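# heads up, no residue letters with this:
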Ligand code: FE
Ligand code: CA
C-alpha cells in the first residue's frame with residue numbers, strides 16, 4: 001500500500017475538477033462517463049491483481065461505472081460492481097462464479113500522480129460482484145479521485161470529496177438532489193446536467209429504479225426504452241435491473257462527479273409498499289418479506305453505502321445523519337420500512353384514519369432518533385432528505401395522497417413541532433416521489449393563513465418518470481391558489497440545485513423540455529433564497 005499525505009492546496013485541486021468537468025461534458029453521449037485513464041501508478045509495487053485462481057477476465061467488467069458516497073470529514077465509500085454483461089439473467093453480470101480481487105486507488109489528482117491510498121478488496125457471487133471500500137484517515141474538506149482495476153481492465157476515474165471538519169462551516173456547499181428515474185419513460189439527460197454543475201454532494205431521494213416489467217408503466221408520451229426481465233421479485237431480477245440502470249452513461253456521469261447520499265422510496269421494492277404490506281391486497285404476495293429482503297440486498301449491493309447499513313434479511317437500517325461540518329446536517333429518513341399501512345385504503349379519499357395520532361410514517365425508533373437529533377443539533381442547516389410530500393396540501397375535491405405525510409398527520413405534527421421546540425435554526429425538508437417540482441413554506445397551522453412559517457420544503461420533480469411533462473402558468477395554477485403556503489410548482493422533468501452557505505441557501509429548480517429524445521438542454525425555471533433564521537422562500541431573479 002502506498003501512502004502519501006503530500007496534498008495539493010485546495011485551489012489547485014479545484015482546477016483539476018474543472019478540467020475533469022470539461023472532459024465529462026466532452027464525453028456526453030460518447031458512452032463513457034469518465035476521462036481517459038493513463039497507466040496505473042507503479043503497478044509492480046502492488047500485490048497480484050489477477051482474479052484469484054481462475055483465468056483472467058476476457059471482457060471489461062467496468063460497464064456499470066463507479067460511485068462514491070457517505071462522506072464524512074475523514075472518510076468516504078468507494079463503489080463499483082463488476083459486470084462485463086450487465087443484462088445477464090442470473091444477476092451476476094456475466095462474471096464467472098468465483099471470487100475476484102479488485103485493486104482500488106485514491107489520488108488527489110485525476111492523473112493519479114499523487115496517490116494517497118491503494119488497496120485490494122475481494123468480491124464475488126455472494127455480493128453480486130459489488131465492491132465497497134471505506135477509505136478512512138483522509139484530509140478534511142478535500143477533493144479526491146479514484147478508480148478500480150481487475151487484471152488488465154481499469155475503471156473510469158471519478159471525483160469524490162470529504163466533508164469539512166466538525167465544528168467548522170467550511171466554504172459554501174453545492175448540493176443537488178434528484179428522484180424518480182423511470183428508465184422507460186425517458187433519457188437520463190437531467191443526470192448529465194446535474195453532473196455538469198459539478199456539485200460537491202448529490203442526494204437521491206428514492207425511486208432510483210422501478211420494479212415493473214417492460215411496458216406495464218407507460219408514460220403519456222410513450223416509453224422510449226424497455227425494462228429487461230419480469231417485475232423484479234427474485235434477487236437475480238433486482239440485481240439485473242440495477243445493472244440495466246447503472247449501464248446508463250448519464251447516470252454514471254452523475255455518480256462520477258460527487259459523493260451521493262441515497263434513500264429509497266417505494267419502487268426500489270414494490271409500488272406503495274408500507275412496512276410488511278405489499279402494494280395491492282387483491283394481488284396477494286405471500287412471499288413479500290422475502291421479496292423485500294431481495295430488494296434490500298440488491299439495493300445495498302448497488303449503492304455506495306457503509307457496511308453498517310448492510311441488510312440483515314428483510315431489515316435494513318437506512319436512516320442516518322451525515323454532517324457537512326457544522327454547515328449542514330443531512331437527516332436521511334426511511335419513511336417506508338417502518339410506516340403503518342396507508343390510511344383510508346391508500347386511495348385519494350381522506351378519512352378520519354389519516355388524522356389518527358397513533359399512526360406513524362417513521363416508526364417510533366426513527367421518530368425518537370430524529371427528535372433527538374433536533375435537540376442536539378448545532379448545524380446551521382438541518383436538512384431532512386426524505387421521500388414523500390411533507391406539507392399539508394388541499395385540493396378542490398378534498399382528495400389527497402394517503403401515501404404522503406398528510407396520510408400520517410400525527411407524524412407530520414410531531415416532527416414539525418419537534419424542530420420548533422428544539423429551536424432548530426434552519427429546518428429544510430427535501431422531497432421526491434411526486435414527479436413535480438414544488439416549493440413550499442411549512443406552517444405551524446396550515447388552516448390559518450397568518451400562522452408562522454416554521455420551515456421550508458423543496459420537492460424535486462422526476463429525472464424521467466412521467467415523460468416530458470409540461471410547464472404551467474403559476475398564476476393559473478389552482479393548487480397554488482388553494483394553498484397559499486405553496487409558492488411554486490412545475491411538472492417538467494429535472495432536478496434541484498442548491499448552494500448552501502452560512503447566511504443563505506439558494507435554490508434553482510432545473511427543468512428540461514424533453515426527455516423522450518436524448519440531449520435536450522436544461523434551464524432554470526425558478527430560483528429562491530432561504531435566509532438564515534428566516535424560514536420560507538424569497539424569490540430570486542437570475
Ligand atoms: Fe416515482
Ligand atoms: Ca414513489
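Sure, I can see it. On a predicted model such as this, the values are computed, not experimentally measured, just so you know. Ligands and ions are numbered 1, 2, ... in the order given.

# up against ligand 2, what does the chain have?
Taking C-beta under 5 Å from the ion as the test, the list of the chain residues beside ligand 2 reads 207, 265-266, 433. The way it works is simple: take the backbone N, C-alpha and C, and place the C-beta from them, glycine included.

# any of these buried? List them.
Buried subset of the residues of the chain next to ligand 2 (neighbour count, 16 or more other C-beta atoms under 10 Å): 207, 265-266, 433.

# for residue 245, give its distance to ligand 2.
Counting by C-beta to the ion, to the nearest Å, the separation of residue 245 from ligand 2 is 16 Å.

# which residues touch that residue?
If a contact means C-beta atoms under 8 Å, 6 or more residues apart in numbering, then residue 245 has 181, 183, 208-209, 251 as its contacts.

# please redo it, this time with the cut-off set to 6 Å
For residue 245, the set of contacting residues under the criterion of C-beta atoms under 6 Å, 6 or more residues apart in numbering consists of 183, 209.

# what about it, which SS state?
Assigned state for residue 245: helix (three-state reduction, DSSP: H, G, I helix; E, B strand; the rest coil).

# before we move on, what about residue 106?
Recorded secondary structure, residue 106: strand (three-state DSSP).

# bridged to it, which residues?
residue 117, residue 146 (DSSP bridges).

# near residue 236, how many other residues are there?
The local packing of residue 236 (other C-beta atoms under 10 Å) involves 18 other residues.

# what does stretch 424-440 contact?
Residues lying outside stretch 424-440 but in contact with it, judged by C-beta under 6 Å, 6+ apart, are 177, 179-180, 205-206, 265, 374, 377, 381-385, 387-391, 419, 455-462, 465-466, 485-491, 509, 528, 537.

# then residue 102 would be within a strand, right?
Yes - Residue 102 sits within a strand when classified using three-state DSSP.

# how about the helices in the stretch 251-400 of the chain?
Secondary structure of the stretch 251-400 of the chain, counting by DSSP state H, counting those that start in this stretch: helices at 288-302, 364-376.

# of those, flag the one that's most buried.
For the helices of the stretch 251-400 of the chain, the stretch with the most neighbours on average is helix 288-302, a mean of 22; neighbours defined as mean count of other C-beta atoms under 10 Å.

# which residues does the residue most central in space within the chain bridge with?
The chain has residue 204 as the residue nearest its centroid, 1.5 Å off, counting by C-alpha atoms, centre = their mean. For residue 204, the beta-bridge partners are residue 178, residue 262 (DSSP bridges).

# how far away is it from residue 328?
According to C-beta to C-beta, to the nearest Å, residue 204 stands 17 Å off from residue 328.

# hmm, back to that, so which of the contacts of stretch 424-440 are also by ligand 1?
180, 465.

# ok, the buried ones among the residues of the chain next to ligand 2 vs ligand 1, which is closest?
The closest of these to ligand 1 turns out to be residue 207 (C-beta to the ion; 3.5 Å).

# spell out which residues of this structure are next to ligand 1.
When proximity is defined as C-beta under 5 Å from the ion, the chain approaches ligand 1 at 180, 207, 465.

# what's around residue 499, how many residues?
Here the neighbour count serves as a burial measure; for residue 499 (other C-beta under 10 Å) it reads 17.

# ignore the last one, residue 399
Applying the criterion other C-beta under 10 Å, we find 13 residues in the vicinity of residue 399.

# how about it, nearest residue that isn't a chain neighbour?
The shortest distance from residue 399 to any residue that is not its chain neighbour, by C-beta to C-beta, 6 or more residues apart in numbering, is 4.0 Å, and that residue is residue 348.

# do residue 332 as well
Once flanking residues are discounted, residue 332 sits nearest to residue 385: 4.6 Å by C-beta to C-beta, 6+ apart.

# again, but for residue 324
With C-beta to C-beta, 6+ apart as the criterion, residue 324 has its nearest non-adjacent residue at 4.7 Å, and that residue is residue 163.

# phi and psi next, for that neighbour.
Torsion angles at residue 163 (phi, psi; degrees, to the nearest 10) stand at phi -80, psi 160.

# also residue 498?
Taking degrees, to the nearest 10, you get phi -130, psi 160 for the backbone angles of residue 498.

# for the stretch 151-300 of the chain, what spans make up the strands?
When secondary structure is read from DSSP state E, counting those that start in this stretch, the stretch 151-300 of the chain shows strands at 153-154, 158-161, 173-178, 201-204, 260-262.

# any chance of JSON lines for those strands, columns mean pLDDT?
Rendered in JSON lines, the data for the strands of the stretch 151-300 of the chain read as follows (pLDDT from 0 to 100):
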{"stretch": "strand 153-154", "mean pLDDT": "98"}
{"stretch": "strand 158-161", "mean pLDDT": "98"}
{"stretch": "strand 173-178", "mean pLDDT": "99"}
{"stretch": "strand 201-204", "mean pLDDT": "99"}
{"stretch": "strand 260-262", "mean pLDDT": "99"}
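
# point me to the residue of the stretch 151-300 of the chain nearest ligand 2.
With C-beta to the ion as the measure, residue 265 is the residue of the stretch 151-300 of the chain nearest to ligand 2, at 4.1 Å.

# isn't that residue up against residue 206?
Yes - assessed by C-beta atoms under 6 Å, residue 265 is found in contact with residue 206 at 2.7 Å.

# check the separation of the first and last residues in stretch 304-318.
By C-alpha to C-alpha, to the nearest Å, the extent of stretch 304-318 from end to end equals 12 Å.

# contacts for it?
67-70, 77, 79, 263, 289, 292-293, 296-297, 300, 334.

# could those go into CSV alongside pLDDT and distance to residue 448?
Shown next, in CSV, are those (pLDDT from 0 to 100; distance: C-beta to C-beta, whole Å):
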residue, pLDDT, distance to residue 448
67, 99, 45
68, 99, 45
69, 99, 41
70, 98, 41
77, 99, 45
79, 99, 47
263, 98, 32
289, 97, 44
292, 98, 41
293, 98, 45
296, 98, 42
297, 98, 47
300, 98, 44
334, 98, 32
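
# those residues: which two are farthest apart?
68 and 289 (31.5 Å; C-beta to C-beta).

# before we move on, the earlier item: let's have the helices of the stretch 251-400 of the chain in TSV, adding distance to residue 310.
As requested, the helices of the stretch 251-400 of the chain are arranged in TSV below (distance: least, C-beta to C-beta, whole Å):
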stretch	distance to residue 310
helix 288-302	6
helix 364-376	18
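
# residue 519 is nearest to which of those?
Comparing the helices of the stretch 251-400 of the chain under C-beta to C-beta, the one sitting nearest is helix 288-302, at 26.3 Å.

# would you map the helices across the stretch 51-200 of the chain?
Under DSSP H, counting those that start in this stretch, the stretch 51-200 of the chain gives helices at 189-196.

# contact partners for whatever residue of it ends up closest to ligand 1?
Taking C-beta to the ion as the measure, the point where the stretch 51-200 of the chain comes nearest ligand 1 is residue 180, at 3.5 Å. With contacts taken as C-beta under 6 Å, 6+ apart, residue 180 has the following neighbours: 207, 432, 435, 462, 465.

# per-residue pLDDT, the residue in the stretch 351-500 of the chain that ligand 2 sits nearest to?
Closest residue of the stretch 351-500 of the chain to ligand 2, C-beta to the ion: residue 433 (4.1 Å). Per-residue confidence at residue 433 stands at 97 (pLDDT).

# for residue 13, same thing?
pLDDT, residue 13: 39.

# equivalent analysis for residue 29, please.
Predicted confidence (pLDDT) for residue 29: 36.

# likewise for residue 50?
On the pLDDT scale, residue 50 gets 44.

# kindly report the same for residue 395.
Confidence for residue 395, expressed as pLDDT, is 88.

# pull the number of nearby residues for it.
The tally of other residues near residue 395 (other C-beta under 10 Å) stands at 14.

# next one: residue 187
Neighbour number of residue 187 under other C-beta under 10 Å is 24.

# pretty sure it contacts residue 517?
No - distance between residue 187 and residue 517: 7.1 Å, which falls outside the contact criterion (C-beta under 6 Å).
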